[in-house]
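Undergrad: show me the folded form of this:
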Amino acid sequence: MLAAILFIAFWVVIALGLFFIAVRGGLGGARDTLQSQSRGGRRFAAVMFAIIYVAFGIAIPAVTLAGNSARASRQYAGLTLTSSEKRGRELFGEHCAVCHTLAAANAYGKVGPNLDLLAPPQSLVLHTIAYGCLQNPPAGDQQTCLGYGTMPSALVQGRDATDVANFVARVAGR
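TA: The predicted structure follows:
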């Protein structure tokens, strides 16, 4: 709401400035009016210009961006992420994004499988995190994993692995 008010205020100030220029007969008339003022009036105009410049050029974008980041990181594709899923997104970015593609984490890896296409269940993700994946598993090894490449085991462990698995299972393919 604050961002909308500041956006409107910015355009109101621009409109008033253009109106001032138009009423004075163009840029030359506006310049003559400002220069014919007292030294204090010119100083006041310069200070006001600097304040408006800083407010609209720095403060408004900073307030808008700072206020939006917390909300944006809690959601993806209409889903509100829980705190553990949000943590899973962060961990995925740190440990998995280099190899895997997952749009919800802005990950575009080329080595591992595309998790958006696979949309694996939480149990399969958790199993693959815990045990890894081998290209050519030994005979008799009942290896179930997300792809056919090589992935080391235990990249994340414990609660962190569960958070990553819950995050991937919830957002993959959306």
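Undergrad: against residue 168, how distant is residue 63?
TA: As for residue 63, its distance to residue 168 is 34 Å (criterion: Cβ to Cβ, to the nearest Å). Using the backbone N, CA and C atoms, a C-beta is placed for each residue, glycine as well.
Undergrad: for residue 163, give me its contacts.
TA: Neighbour list for residue 163: 84, 85, 87, 88, 91 [criterion: Cβ atoms under 8 Å, 6 or more residues apart in numbering].
Undergrad: buried stuff in the longest helix along the chain?
TA: In the chain, taking DSSP state H as the definition, the longest helix is helix 2-23. Applying a neighbour-count criterion of 16 or more other Cβ atoms under 10 Å, one finds 6, 21 buried in helix 2-23.
Undergrad: avg pLDDT for it?
TA: Per-region confidence: helix 2-23 scores 80 on mean pLDDT.
Undergrad: now for that helix, which elements pack on it?
TA: Secondary-structure packing of helix 2-23 (3 or more Cβ pairs under 8 Å, 6 or more residues apart in numbering; DSSP states H and E): helix 27-35, helix 60-72.
Undergrad: ok, now with 10 Å
TA: helix 27-35, helix 39-54, helix 60-72 (3 or more Cβ pairs under 10 Å, 6 or more residues apart in numbering; DSSP states H and E).
Undergrad: lowest-confidence stretch among these?
TA: helix 60-72 (a mean of 63).
Undergrad: more neighbours: residue 63 and residue 168, which one.
TA: residue 168 (32 against 13; other Cβ atoms under 10 Å).
Undergrad: confirm that one sits in a helix?
TA: Yes. Residue 168 forms part of a helix when assessed by DSSP: H, G, I helix; E, B strand; the rest coil.
Undergrad: apart from its neighbours in sequence, what residue is nearest it?
TA: Nearest residue to residue 168 in three dimensions, chain neighbours excluded: residue 125, at 4.9 Å (Cβ to Cβ, 6 or more residues apart in numbering).
Undergrad: excluding its backbone neighbours, what's nearest residue 82?
TA: Excluding the flanking residues, the one nearest residue 82 by Cβ to Cβ, 6+ apart is residue 166, at 7.9 Å.
Undergrad: now residue 95: how far from residue 164?
TA: Noted for residue 95: a distance of 8 Å to residue 164, by Cβ to Cβ.
Undergrad: appreciated, that's everything.
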